[in-house]
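# Provided below are the primary sequence and the corresponding predicted coordinates.
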Amino acid sequence: MIPIDDTPLCRDGKVLILAYDHGLEHGPVDFEDVPESADPERTFEAATHSAVTSVAVQKGVAEAYYPSYEDDVDLLAKLNGTSNLWMGEPDSAVNCSVEYAAEIGASSVGFTVYGGSNNEIEMVEEFRDAQEAAREHDLPVVMWSYPRGQGLKNDTKPSTIAYAARLALELGADVAKVKPPGSRSGMEDAVRMAGKTKVVMSGGSKRSDRAFLESVKQTIDAGGKGLAVGRNVWQRENPERILDALEAVIFEEASVDEALAAAE
Ligand code: FBP
């Protein structure tokens, strides 16, 4: 791993990645409730909020929209992804090289590894190529560490999440993005297993402000360094409001009540 505290991915050692790769991963269904959310510019606008350290998008969205935002937003290029049209064992096609990510202005890269999938061997070999190329460019590497596949019936079991966090350390990621295990002790185990790799939680499907902020607070209290969140921000009518609250919880050590008040 490399020191990343002084890179744009971090602010005060913490991370808030605004993830917007869902058009590929889930498809248009994720934009149905808030139709304006299909426009990438809306998320790039939200990413100018001071709480956001980086926006995570696929190559095509980066090419088309990042040039207008490069002065105000930091770019994390997601290097692989799969559509929801794929029905096979979990896998993720590498669609962008580290070299190209650097060329289009990314200051960090993201890579999904489905540990436990029948495709784990190939995915880890692809991760190796990306991780080593990222080192040549001094780009931090964020692993979307999502164990899933035929043999895994419960992919958010605390022991599975701890294993996911450990995989990220073992394979050389600087940040492990894991699903929240649902308890403070579960997240503490994940943080312990990840060692020097920072652990951030993924947001998941949209929840109430309070339920979502409580899970973020639990992550921070457990030693997690922040989150990589998509739907819980841009599926809201007012993404800036929840970003105000996230800024309070993640960077200002506010309670959930204080954060909710700050976002009024
Ligand atoms: P959310 O906060 O919306 O869950 O986004 C995080 C994320 O990892 C996205 O980057 C990705 O598109 C999505 O979740 C994948 O979710 P899943 O594979 O669990 O459906």
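The structure has been received and is ready for your questions.

# now residue 161: how far from residue 54?
Distance, residue 161 to residue 54, using CB to CB, to the nearest Å: 22 Å. In this view, the C-beta of every residue, glycine as well, is placed from N, C-alpha and C.

# try residue 66
For residue 66, the distance to residue 54 - CB to CB - is 11 Å.

# which neighbours do the two share?
With contacts taken as CB atoms under 8 Å, 6 or more residues apart in numbering, residue 66 and residue 54 have 73, 75 as neighbours in common.

# more neighbours: which of these two?
Taking other CB atoms under 10 Å, residue 66 and residue 54 do not tie; residue 54 has more neighbours (27 against 20).

# how about the residue in the stretch 51-200 of the chain that the ligand sits nearest to, secondary structure?
Relative to the ligand, the nearest point of the stretch 51-200 of the chain is residue 144 (5.4 Å; CB to the nearest ligand atom). Using DSSP: H, G, I helix; E, B strand; the rest coil, the structure places residue 144 in strand.

# in the sheet, who's paired with it?
residue 112, residue 177 (DSSP bridges).

# confirm for me that it is in contact with residue 123.
No: the pair residue 144 / residue 123 is not scored as a contact, 10.9 Å apart, by CB atoms under 8 Å.

# neighbour count for these two, which is higher?
residue 144 (27 against 20).

# quick one on the thing from earlier: any common contacting residues for residue 144 and residue 123?
Shared contacts of residue 144 and residue 123, counting by CB under 8 Å, 6+ apart, come down to 112, 113.

# how many neighbours does the nearest residue to residue 20 once chain neighbours are set aside have?
Spatial nearest neighbour of residue 20, excluding adjacent residues (CB to CB, 6 or more residues apart in numbering): residue 43 at 4.4 Å. Residue 43 is flanked by 25 other residues according to other CB under 10 Å.

# name the element residue 43 belongs to?
For residue 43, the element it lies in under DSSP states H and E is helix 40-46.

# residues from the chain in reach of the ligand?
Residues of the chain found near the ligand (CB under 6 Å from any ligand atom) are 19, 21-22, 25, 144, 202-204, 228-232.

# out of the residues you listed, which are inside helices?
22, 25, 231, 232 (DSSP state H).

# wait, the first one touches residue 230, no?
Yes: Residue 22 is in contact with residue 230 according to CB under 8 Å; the separation is 5.6 Å.

# can you pull up the bridge partners for the one residue sitting closest to the centre of the chain?
Note on the chain: the residue nearest the mean C-alpha position is residue 228, at 3.2 Å, using CA atoms, centre = their mean. Listed beta-bridge partners, residue 228: residue 17, residue 202 (assigned using DSSP bridges).

# and it, what is it in contact with?
15-19, 56, 142, 144, 177, 200-203.

# just residue 55 next, same as before
Counting by CB under 8 Å, 6+ apart, residue 55 has contacts 17, 18, 20, 43, 44, 47, 69, 73, 74, 75, 76.

# now the two most distant members of those.
Taking CB to CB as the measure, the contacts of residue 55 span a maximum distance of 15.0 Å, between 17 and 69.

# show me which of these two is the more surrounded one.
residue 17 (27 against 20).

# could you pull up the contacting residues of that one?
Residue 17 touches 9, 52-56, 76, 110, 142, 177, 200, 226-229, counting by CB under 8 Å, 6+ apart.

# now, which of those residues sits nearest residue 88?
residue 110 (21.8 Å).

# need the three-state assignment for the closest one.
strand.

# go ahead and confirm it touches residue 58.
No: in this structure, residue 110 is not within contact of residue 58 by CB under 8 Å, at 9.7 Å.

# who's more crowded, the two?
Between residue 110 and residue 58, counted using other CB under 10 Å, the more crowded position is residue 110 (30 against 21).

# chain neighbours aside, what residue packs nearest to the residue in the chain that the ligand sits nearest to?
Among all residues of the chain, residue 203 sits closest to the ligand, at 2.6 Å; criterion: CB to the nearest ligand atom. Nearest non-adjacent residue to residue 203, counting by CB to CB, 6+ apart: residue 229, 3.4 Å away.

# surely that neighbour is in contact with residue 20?
No: contact criterion CB under 8 Å: residue 229 and residue 20 do not qualify, at 10.1 Å.
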